[in-house]
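Asker: Sequence and predicted structure are below.
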Amino acid sequence: MSAAEGPLGPYVVGVDSSTQSTKALVVDVATGEVVASGQAPHTVTSGAGRESDPEEWYTALRTALAQCGDAARQASAVSVGGQQHGLVTLDAQGRPVRPALLWNDVRSAPQARRLVEELGGPKAWADRFGSVPGASFTVSKWAWLAEHEPEAVRATAAVRLPHDYLTGRLTGDGTTDRGDASGTGWWASATETYDEEILGRVGLDPALLPRVVGPGEVAGTVHDTELPFSKGTLVAAGTGDNAAAALGLGLLPGTPVLSLGTSGTVYAVSRRRPTDPTGTVAGFAAAHGDWLPLACTLNCTLAVDRIAALLGLDREAVEGGGAATILPYLDGERTPDLPHASGLLTGLRHDTTGGQLLQAAYDGAVHALLGALDRVLDDDADRSTPLLLIGGGARGTAWQQTVRRLSGRPVQVPEARELVALGAAAQAAGVLTGENPAAVARRWGTARGPVLDPVERDEAALERISGVLRGAAGLLEGP
């Protein structure tokens, strides 16, 4: 991603505002070289309610940009990739009414179930919206807020997603993009517009929602003098984190991605609009045209790390063998749809080792993701295409080997890090050059990396985990 002759310019800034922190990269448009970077953390509440103060995201953005120094001041464009689904409510002065409800806040599961029933069931939702809403979707969170905190709803003058909020702080305007809007549950993929019927059902005035900026359009220019940008710096539309990562990889249709982070995701770019009535696959829109069918789990690297800590083991201290099965649903689960579930361990024997238990936790986390992969990919996708492994866990040997063993596919680990921020940077570059952002990323070579050969698929382990999941349905449903 770097050129021997050094940076050529112009520069762009790509931002990744994730659950845990905000990162900013200054990238050279000509070469893809990262010339400066910065990062600052966020605070997230624990328990069933997962919330963050949006003002803290903005403070983290300012800190991250300050760490980039003069390079940020030289940038010609900026774009923000942000965690999906989060509900940000703003008052008439643009201040947060209350902390944002994050994607992994599962309190709105009852509201999600009710909305699915009221609008005619899962197939009706999939056909119209591309997705069947669960507790993570913004429409469910707004319904929960209206039921539990009506005073907050009355005080709300604008509704935003996390990336919308930061983009609005940059430009002073209320905008979003099709990629992030497609995860709300009130943007209909069939018409690519806000759906007035569902907005009416949840009592949300469409006037409170941001304008949807089209692919390649400019959202505005930087107006905030507190930020280290020159006057008139262009602001791209931005998008949700998964759509930004897809841009950052320069994805072509049919290439599967497995992302290992706080959440786990599998997705691929498709030319066809997804409509999965089972609700396993969310039919998201891609940021620059096309579609991004995606399945997501709530429990991935943090859940496995927690089990390693409980066992007193390093996260790489796995051992093969044994008959134990762990379903690491420590935060409830989205795939499968078990919002009230907790972790489950079965098959424990006298000779079971701690390392075998840890491997079982890895297996349980990866099983949920691979189970959705065939639904994500189009029927004509080439199953021999390497699975791109990204996210914080992608460089862990135990994660790599577990994905290889349970998928039976070749696995490629891109050398580029911070793919969400790189995707946002590619989107910012696109508004300068007129290129498709994914083509920019391919020119930068962001997906380059070693390919691990396939190994024989461990069908016995997959069937054992599937059997436990089927047999434990009653236990996992929760109250």
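Answerer: Perfect, I can see it now.
Asker: in stretch 465-475, what counts as buried?
Answerer: For stretch 465-475, the neighbour count (16 or more other Cβ atoms under 10 Å) marks 465, 468-469, 472 as buried. Any C-beta I mention is one placed from the backbone N, CA and C, and that applies to glycine too.
Asker: Show the average pLDDT along it.
Answerer: Summarised as a single mean, pLDDT over stretch 465-475 is 91.
Asker: Would you map the helices across the stretch 201-350 of the chain?
Answerer: Remark: helices assigned in the stretch 201-350 of the chain by DSSP state H, counting those that start in this stretch are 241-249, 301-311.
Asker: oh, I was asking about the stretch 1-150 of the chain
Answerer: For the stretch 1-150 of the chain, helices defined by DSSP H, counting those that start in this stretch occupy the ranges 54-67, 70-73, 109-118, 122-129, 138-148, 150-155.
Asker: Single out the most deeply packed of those helices.
Answerer: Highest mean neighbour count among the helices of the stretch 1-150 of the chain (mean count of other Cβ atoms under 10 Å): helix 138-148, with a mean of 23.
Asker: Give me the angle between that one and helix 109-118.
Answerer: Interaxial angle of helix 138-148 relative to helix 109-118 (axes from the mean of the first three to the mean of the last three Cα atoms, to 10 degrees): 110 degrees.
Asker: helices or strands next to helix 138-148 in the packing?
Answerer: Here helix 138-148 touches strand 100-101, helix 109-118, helix 150-155, going by 3 or more Cβ pairs under 8 Å, 6 or more residues apart in numbering; DSSP states H and E.
Asker: Select, out of these, the one closest to Ala190.
Answerer: Nearest to Ala190, of all those, is helix 109-118, at 16.7 Å by Cβ to Cβ.
Asker: now what about that closest one, what contacts it?
Answerer: Applying Cβ atoms under 8 Å, 6 or more residues apart in numbering, the set of residues contacting helix 109-118 from outside is 122, 125, 132-135, 137, 139-141, 143-144, 147, 185, 198, 201-202, 332, 339-340.
Asker: Contacts only, for Gly430.
Answerer: Gly430 touches 216, 236, 288, 436-437, 440, counting by Cβ under 8 Å, 6+ apart.
Asker: ok, now with 7 Å
Answerer: 216, 436-437, 440 (Cβ atoms under 7 Å, 6 or more residues apart in numbering).
Asker: Report the separation between it and Glu217.
Answerer: From Gly430 across to Glu217, the span is 10 Å (Cβ to Cβ, to the nearest Å).
Asker: What of Gly261?
Answerer: 29 Å.
Asker: Between the two, which is the more surrounded one?
Answerer: Between Gly261 and Glu217, counting by other Cβ atoms under 10 Å, Gly261 is the more crowded of the two (20 against 12).
Asker: Phi and psi next, for the residue of the chain most remote from its centre.
Answerer: Distance from the centre of the chain peaks at His350, with 39.9 Å (Cα atoms, centre = their mean). Here is the backbone geometry of His350 (degrees, to the nearest 10): phi -60, psi -30.
Asker: and if you look at the one 10 residues further on?
Answerer: When quoted as degrees, to the nearest 10, the phi and psi of Ala360 stand at phi -60, psi -30.
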